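> my questions are about this predicted structure, shown below with the sequence.
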Amino acid sequence: SKEPLALVTREDDAQWSDFVYWTVMATFFAEENGITQANAEDMPSTNMFGPLRTRMFKDAIQAVGNYGEIYQRNVQSVVPRTGLNMLNSNPVG
């Protein structure tokens, strides 16, 4: 199906929405850069959400893996990752 799917968070909590968005984007980044649960320490540190959360992306990838690992573990047996479900490694434009 090509129906749009999206993360949904409360409209009145912009900081939480940003946190969710950037955490999901980190799983894509990790997959694109070959970072997995096994080498999560290779994820860059960030100060986006203050000094207490500089490891947030490393910790997220270490806990659940990159997008491909999450997909493999939770969805692959039901919806094989082909076509539109593949990582776009050759964007145009």
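Arrived safely. Since this is a predicted model, take the numbers as computed values, not measurements. Residues are numbered from 1 along each chain as shown.
> hey, let's count contacts and neighbours off CA atoms from now on
Fine.
> now Met56: how far from Ala14?
Applying CA to CA, to the nearest Å, the value for Met56 to Ala14 is 18 Å.
> ok, the two, which is more surrounded?
Using other CA atoms under 10 Å as the criterion, Met56 and Ala14 rank with Met56 on top: 21 against 11.
> check contacts around that one.
For Met56, the contacting residues are 23, 45-46, by CA atoms under 8 Å, 6 or more residues apart in numbering.
> and Phe19, by the same measure?
Phe19 neighbours (CA under 8 Å, 6+ apart): Phe49.
> now swap in Gly65 and tell me
Counting by CA under 8 Å, 6+ apart, Gly65 has contacts 27, 36-37, 40.
> for Ala60, which non-adjacent residue is closest in space?
Excluding its sequence neighbours, the residue lying closest to Ala60 (CA to CA, 6 or more residues apart in numbering) is Thr23, at 7.3 Å.
> an error on my part: the question was meant for Tyr21.
Nearest non-adjacent residue to Tyr21, counting by CA to CA, 6+ apart: Leu7, 7.7 Å away.
> for the one you found, grab the count of nearby residues.
Quick note: Leu7 (other CA under 10 Å) scores 8 neighbours.
> ok, it to Asp18 distance?
From Leu7 to Asp18 the distance is 11 Å (CA to CA).
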